[in-house]
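*Asks:* Generate a structure from the sequence data that follows.
(chains A and B)
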Amino acid sequence: DVQMTQSLSYLAASPGESVSISCKASKSISNYLAWYQQKPGEAYKLLIYSGSTLQSGTPSRFSGSGSGTDFTLTIRSLEPEDFGLYYCQQYYEKPLTFGSGTKLEIK
Amino acid sequence: QVQLQQSGAELAKPGSSVKISCKASGYTFTSYYISWIKQTTGQGLEYIGYINTGSGGTNYNEKFKGKATLTVDKSSSTAFMQLSSLTPDDSAVYYCASGRRWFAYWGQGTLVTVSS
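*Replies:* All right, here's what the predicted structure looks like:
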């Protein structure tokens, strides 16, 4: 199985700052990567797919980059509502696999 | 708007089975595959498999073959997942989600607790 590693399990930043969340695949997955946000009491939200394509409704302050094994989710000018857990997921090969998550806390 | 509404929490005994439902609304049910995902504190998010809501065809993660059975009822726009021969390791929150590559819409999750 393709292992997805999110090396940072926790991240804290202040509103207005920019943050980057990394995700590394154990083998090349081209750009077959999605990013999700999970907030308490809410359904998971798809933010980005195909590595960098914003899902409809995702604010433009979110961006995704990377290809191959290394990927980054960047949030520019953090808003208070951006706190939560962020997961990456590969769909290059079955079984689909997820990263372990990065918790973003707003200072 | 697209919604996936899952059934409520289940408390089950070891060796028994449970069947979780996922009712879709706000779109044509057969437009999206439905996938199922398991979440635990220890293992994180694990992909179980998907069902083609039009044909009923399924694809399972090898790890969950024999454990999970996916079905659909097109008449009620509902997908189901049955978990059999339950053990404490099956205790988790289970999610349904639309799609089979990335998942644009998710249910709210169903907590399954396996305990004697």
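*Asks:* which bits of chain B sit near chain A?
*Replies:* Proximity of chain B to chain A is confined to B:4, B:35, B:44-47, B:59, B:61-63, B:95, B:97, B:101-108 under the rule CB under 8 Å from any CB of the partner chain. Where C-beta positions appear, they are placed from N, C-alpha and C, glycine not excepted.
*Asks:* Only whichever of those residues are buried, select them in PyMOL.
*Replies:* Only the buried entries of the residues of chain B next to chain A go into this PyMOL selection, using 16 or more other CB atoms under 10 Å in any protein chain shown:
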select buried, chain B and resi 4+35+44+45+46+47+61+95+97+101+102+103+104+105+106+107+108
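*Asks:* What ranges in chain B fall below the confidence cut-off?
*Replies:* Low-confidence segments of chain B (pLDDT under 70): none present.
*Asks:* Give the buried residues for the helix or strand hosting B:L11.
*Replies:* B:L11 is located in strand B:10-12, with elements delineated by DSSP states H and E. Judged by neighbour count (16+ other CB under 10 Å), strand B:10-12 contains these buried residues: B:E10, B:A12.
*Asks:* what's in contact with it?
*Replies:* B:V18, B:I20, B:L86, B:T110, B:L111, B:V112, B:T113, B:V114, B:S115 (CB atoms under 8 Å, 6 or more residues apart in numbering or on different chains).
*Asks:* For the third one, list the residues it contacts.
*Replies:* Remark: with contacts taken as CB under 8 Å, 6+ apart, B:L86 is in contact with B:A12, B:K13, B:P14, B:G15, B:S16, B:S17, B:V18, B:V112, B:V114.
*Asks:* still on that earlier bit, any idea which of the contacts of strand B:10-12 has the most stuff around it?
*Replies:* B:I20 (24 neighbours; other CB atoms under 10 Å in any protein chain shown).
*Asks:* For A:S63, report the pLDDT, please.
*Replies:* We have a pLDDT of 98 for A:S63.
*Asks:* Look at the closest residue to it other than its chain neighbours and give its secondary structure.
*Replies:* Leaving aside its chain neighbours, A:S63 sits nearest to A:T74 (4.9 Å; criterion: CB to CB, 6 or more residues apart in numbering or on different chains). Assigned with DSSP: H, G, I helix; E, B strand; the rest coil, A:T74 falls in the strand class.
*Asks:* beta partners for A:T74?
*Replies:* Here A:T74 shows beta-bridge partners A:S20, A:S63, assigned using DSSP bridges.
*Asks:* Check whether the most centrally placed residue in chain B sits in a helix, strand or coil.
*Replies:* What sits nearest the mean C-alpha location of chain B, by CA atoms, centre = their mean, is B:W36, with 3.9 Å. Of the three states, B:W36 takes strand under three-state DSSP.
*Asks:* Now do the contacts for the residue nearest to it when sequence neighbours are not counted.
*Replies:* Counting by CB to CB, 6+ apart, B:W36 lies nearest to B:I48, which is 4.2 Å off, once chain neighbours are set aside. B:I48 makes contacts with B:S35, B:W36, B:I37, B:K38, B:Y60, B:N61, B:F64, B:A68, B:L70, B:M81, B:Y94, as judged by CB under 8 Å, 6+ apart.
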